[in-house]
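Q: the following comprises the amino acid sequence and a computationally predicted model.
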Amino acid sequence: MTQNSQITIIGGGAWGNTLGYLLERSGHSYNIWNRNTSVSLSSVIKSADMIISAVSMKGVREIINLLQDRKLRENLIIVTATKGLDLETTYTPSQIWQDAFPHNPIVVLSGPNLSKEIKIGLPAATVVASNNNIAAELTQNIFASDIFRVYVNNDPIGTELGGTLKNVMAIASGVCDGLKLGTNAKAALLTRALPEMIRVGVKLGASKETFFGLSGLGDLLATCDSPLSRNYQVGLGLAQDKSLEEIVTNLEGTAEGINTTNVLIKLAHKQQISVPIAYQVYLLLKGKISPQEAVKNLMARELKEEFWYLDF
């Protein structure tokens, strides 16, 4: 692709606008479309070389349905920047996109990328992953700039799951800080969160190594330690005895970790995957336990070897 490549961002929320800002930093022009845009979706994708989906998880199928009514060129690259799981199928966004457009290259963009930091010019790094190396490298070149370093790998599912599952852990992290449990507890939580993410990922076909990179450990650290994270804010609010409804109403955007927790527990039950942290978050979100009970339940779990999960 060149500086004259036609790029369309679908989704006009905080992340969609941040991706637009990054394209500007790298010298690329773009169109942005959302439901409130006066121009038609057909007009902004007609000559597009790349479509970037930055919608929430619940909007993915709606956008795909709109696009399936229009014929996309087979060499058009679809980049998905959504973090979440589909409640009905437990699929990731890239799996849904690939099923809908089997002849188009699908690229996952995910990493420790808090939009508010990027929008004020602070440096960040991310990962673009695809089974199509050419598409991944083209996406890498388009987004790379003086403030945004982009890496490539060939594990889209692992890259996607790292960015998705850490949202559940960010809720737990917010609870930890909200209860003022201290640095020791926070370190223990995050250290045990990573193998829980790995167990899920490996079971679903991801590479274990991916979770030690930017889209796994990197995103986990950023999201679990920043008040800018909406999922962290959910956990923090719950620890302060706020209702989930009240917290969600006052959030700027969607906390995908809430829906992801529900899907993850469904998936873990079906696949028989041990997810103790996620399960306590699930019970907390459902109002079945208090934050204090969630901590007590985790501390009372059976004793075991630290690295037993590496047998996966």
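A: Perfect, thanks for sending it.

Q: mind listing the helices for the stretch 51-200 of the chain?
A: 60-68, 93-100, 115-119, 133-143, 156-178, 183-203 (DSSP state H, counting those that start in this stretch).

Q: quick one: closest of those helices to E246.
A: Closest approach to E246 among the helices of the stretch 51-200 of the chain (CB to CB): helix 156-178, 14.1 Å. Placement of C-beta: from N, CA and C, glycine included.

Q: mind listing what L220 touches?
A: Residues in contact with L220 (CB atoms under 8 Å, 6 or more residues apart in numbering) are 162, 166, 169-170, 190, 193-194, 197.

Q: which pLDDT value goes with it?
A: As predicted, L220 sits at a pLDDT of 97.

Q: so how far is I142 from it?
A: Per CB to CB, to the nearest Å, L220 is found 26 Å from I142.

Q: and the strands in the chain, which stretches?
A: Along the chain, the segments classed as strands by DSSP state E run 7-10, 31-33, 50-53, 77-80, 106-110, 124-129, 148-153.

Q: okay, now the unreliable bits of the stretch 151-300 of the chain?
A: Applying pLDDT under 70 to the stretch 151-300 of the chain flags no residue at all.

Q: as a markdown table, the contacts of L220 with neighbour count would be great.
A: Below are the contacts of L220 laid out as a markdown table (neighbours: other CB atoms under 10 Å):
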| residue | neighbour count |
| --- | --- |
| G162 | 33 |
| K166 | 32 |
| M169 | 27 |
| A170 | 31 |
| L190 | 21 |
| A193 | 22 |
| L194 | 20 |
| M197 | 27 |
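
Q: about what we covered before: ranking the helices of the stretch 51-200 of the chain by mean neighbour count, which comes first?
A: Compared across those, helix 156-178 shows the largest average neighbour count, a mean of 28 (mean count of other CB atoms under 10 Å).

Q: keeping just the C-alphas, turn that one into CSV.
A: The C-alpha coordinates for helix 156-178 follow below in CSV (Å, rounded to 0.1, in the frame of the first residue of the first chain):
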residue,chain,number,x,y,z
PRO,A,156,-4.1,-14.0,15.3
ILE,A,157,-6.1,-16.1,17.8
GLY,A,158,-3.5,-15.8,20.5
THR,A,159,-3.1,-12.1,19.9
GLU,A,160,-6.8,-11.5,20.0
LEU,A,161,-7.4,-13.6,23.1
GLY,A,162,-4.6,-11.8,25.0
GLY,A,163,-6.3,-8.5,24.4
THR,A,164,-9.7,-9.9,25.2
LEU,A,165,-9.1,-12.0,28.3
LYS,A,166,-7.1,-9.4,30.1
ASN,A,167,-10.3,-7.3,30.3
VAL,A,168,-11.7,-9.8,32.8
MET,A,169,-8.5,-9.6,34.8
ALA,A,170,-8.6,-5.8,34.8
ILE,A,171,-12.0,-6.0,36.6
ALA,A,172,-10.3,-8.2,39.2
SER,A,173,-7.4,-5.8,39.4
GLY,A,174,-9.8,-2.9,40.0
VAL,A,175,-11.4,-4.8,42.8
CYS,A,176,-7.9,-5.4,44.3
ASP,A,177,-7.1,-1.7,44.3
GLY,A,178,-10.6,-0.7,45.4
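
Q: from the chain's centroid, how far away is it?
A: Helix 156-178 has its C-alpha centroid displaced from the chain centroid by 8 Å (CA atoms, centre = their mean, to the nearest Å).

Q: what of stretch 217-233?
A: Centroid separation for stretch 217-233 versus its chain: 11 Å, with CA atoms, centre = their mean.

Q: stretch 32-44 now?
A: Mean-position distance between stretch 32-44 and its chain equals 24 Å (CA atoms, centre = their mean).

Q: okay, helices next: where are they in the stretch 201-312 of the chain?
A: For the stretch 201-312 of the chain, the helices defined by DSSP H, counting those that start in this stretch cover 219-224, 230-239, 244-250, 256-271, 276-285, 291-299.

Q: buried ones in the last one?
A: So that's helix 291-299. The neighbour-count check on helix 291-299 (16 or more other CB atoms under 10 Å) flags 291, 294-295, 298 as buried.

Q: closest to I258 out of the helices of the stretch 51-200 of the chain?
A: helix 156-178 (7.6 Å).

Q: returning to what we had before: of the strands of the chain, which stretch is the most buried?
A: Highest mean neighbour count of the strands of the chain: strand 106-110, a mean of 28 (counted as mean count of other CB under 10 Å).

Q: okay, the angle between that one and helix 156-178?
A: Following axes from the mean of the first three to the mean of the last three CA atoms, to 10 degrees, one obtains 20 degrees for the angle between strand 106-110 and helix 156-178.
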